[in-house]
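>>> What shape does this take:
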Amino acid sequence: MNLQAIKSSVMKFIKDEEGLTIVEYAVAGGLITVAVVAAFLALGSQVNTKIEALCAAVKGSAC
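Here you go, the predicted model:
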């Protein structure tokens, strides 16, 4: 390969935005995953609180 072909290949790689799109999807997927985990953690503690309240109301049956 001559210098002109290498320069042409490097410039084509720099101008290519395909990789950038993949990175954006990866970041968006990570943020969605974090949001889902946070929602499960928040709902999990609320559900646990409700179950404990029901157990206290029944006064120890099966809890």
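
>>> contacts, neighbours, all on C-alpha from now
Noted.

>>> Tell me which helix or strand comes right after the strand or helix carrying I14.
Element membership for I14 (DSSP states H and E) is helix 3-15. Moving toward the C-terminus from helix 3-15, the next helix or strand (DSSP H and E) is helix 18-58.

>>> so where is this protein shaky, pLDDT-wise?
Counting by pLDDT under 70, the ranges of the chain that qualify are 1, 17-20, 60-63.

>>> The helix holding I14: how far from the chain's middle?
Mean-position distance between helix 3-15 and its chain equals 35 Å (C-alpha atoms, centre = their mean, to the nearest Å).

>>> okay, the angle between that helix and helix 18-58?
Orientation of helix 3-15 against helix 18-58 (axes from the mean of the first three to the mean of the last three C-alpha atoms, to 10 degrees) gives an angle of 30 degrees.

>>> What residues of helix 3-15 count as buried?
For helix 3-15, a neighbour-count test (16 or more other C-alpha atoms under 10 Å) marks nothing as buried.

>>> Just the CA atoms of it, as PDB, please.
The C-alpha trace of helix 3-15 is given here as PDB (Å, rounded to 0.1, in the frame of the first residue of the first chain):
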ATOM      1  CA  LEU A   3       0.900   6.500   1.500                       C
ATOM      2  CA  GLN A   4      -2.100   7.800  -0.500                       C
ATOM      3  CA  ALA A   5      -4.100   4.600   0.000                       C
ATOM      4  CA  ILE A   6      -3.300   4.600   3.800                       C
ATOM      5  CA  LYS A   7      -4.400   8.200   4.100                       C
ATOM      6  CA  SER A   8      -7.600   7.500   2.200                       C
ATOM      7  CA  SER A   9      -8.400   4.500   4.500                       C
ATOM      8  CA  VAL A  10      -7.800   6.500   7.600                       C
ATOM      9  CA  MET A  11     -10.000   9.400   6.400                       C
ATOM     10  CA  LYS A  12     -12.700   6.900   5.500                       C
ATOM     11  CA  PHE A  13     -12.500   5.400   9.000                       C
ATOM     12  CA  ILE A  14     -12.600   8.800  10.700                       C
ATOM     13  CA  LYS A  15     -15.700   9.900   8.700                       C
END
